[in-house]
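Participant: heads up, no residue letters with this:
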C-alpha cells in the first residue's frame, strides 16, 4: 500500500463518517499498517458500537507490537453494553496473548448473558495457554442449560490446554448425554491429547452426520491439520479418505474443505 493511500486511511480514522472509519479499519488490517494503532485506539471510545467492535478486532491484529499499551486499552470494553463489542474484545485479547485478561475472561465465560460472548471467551481461554482455566472450562462444558456452541468451544480449549492425564476424566464426560456437536469436540480434544482411537469415533459421527454436524466436524479436522506438531490423520484413520469423499458427495458445498483436509493429511 503506497504512502498516499495509507495517509488517506489514517485520515479516515479521524473522520466523523462511520462508513469511512469502517473502510479504514478493514483496509488497514488487510495492509498490516501497524503504525495505525494510535489512531485505532481512539476509536475504542466511539459512540457507534460497530466502530468500537471493528476497532477492537483491528487491534487484535495490529496491536501485537504494542501489547502493553493495547491490552489495557481494550480491557474496559469487556464491560461494553453491546455483545458484539464484548465478543470482539475478548477475541482481540486472545490474539494478543494478553494474559492479564485471563481472570476477567473466565468471569465472562461463567456470567455474561450473551452466548456469543461466552463462546468467544471459551475459545479465547484456549489461546491464552493457562492450564488453570481448565477448571472454569469444565464447568461450562457440563452445564446442562449452556449454549451448545459455548460447550463445544470449552471442550476444544480443554484439549488445547490439557495433557494426556486428563483423558480419563474426558472419557467420563463423553458418556454423558451431551449434544453430538459437543461430543465431536470432545473426541477431537481426546485425539489431540494422544488417544488416537477417538479419531475413528469422530469419523463415525461424520459418516452419519447431518449438514450442521458435518460442518462442525470438518472444522474440527481443519483445526487439527493446522496445529503443530501436525497429527498424522491419514495414518491414524485409514478410512479418512472414504469418509471425506462421502461427505463431499452428500454436501457439495463442503467439497472444497473436505479436499483441503485430505490434501493436508497427505502432505
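Facilitator: It's in. Quick caveat: nothing in here was measured; it's all calculated off a predicted structure. Residues are numbered from 1 along each chain as shown.
Participant: ok, residue 207 to residue 74 distance?
Facilitator: 43 Å (C-beta to C-beta, to the nearest Å). Where you see a C-beta, it was placed from the backbone N, CA and C, and this is true even at glycine.
Participant: higher neighbour count, these two?
Facilitator: residue 74 (25 against 16; other C-beta atoms under 10 Å).
Participant: What lies in contact with the helix or strand containing the more buried one?
Facilitator: Using DSSP states H and E, residue 74 sits in helix 67-74. By C-beta atoms under 8 Å, 6 or more residues apart in numbering, the residues outside helix 67-74 that reach it are 37, 41, 44, 56, 59, 63, 89, 92-93, 96-98, 100-101.
Participant: Show me which positions of that helix end up buried.
Facilitator: Using 16 or more other C-beta atoms under 10 Å as the test for burial, helix 67-74 gives 67, 70-71, 73-74.
Participant: just curious, which of those is nearest to residue 246?
Facilitator: residue 74 (44.0 Å; C-beta to C-beta).
Participant: Looking at the nearest residue to that closest one once chain neighbours are set aside now. What's its pLDDT?
Facilitator: Closest residue to residue 74 apart from its sequence neighbours, by C-beta to C-beta, 6 or more residues apart in numbering: residue 89 at 5.4 Å. On pLDDT, residue 89 comes in at 98.
Participant: do the same with residue 22
Facilitator: 96.
Participant: next one: residue 2
Facilitator: pLDDT, residue 2: 68.
Participant: ditto for the one 5 residues further on
Facilitator: We note a pLDDT of 92 for residue 7 in this prediction.
Participant: Against residue 31, how distant is it?
Facilitator: From residue 7 to residue 31 the distance is 12 Å (C-beta to C-beta).
Participant: So for the two, which sits in the more crowded spot?
Facilitator: residue 31 (14 against 10).
Participant: Is the spatially most central residue of the chain within a helix or a strand, and which one?
Facilitator: With the centre of the chain defined as its mean C-alpha position, the nearest residue by C-alpha atoms, centre = their mean is residue 123, 4.8 Å away. Assigned by DSSP H and E, residue 123 belongs to helix 115-127.
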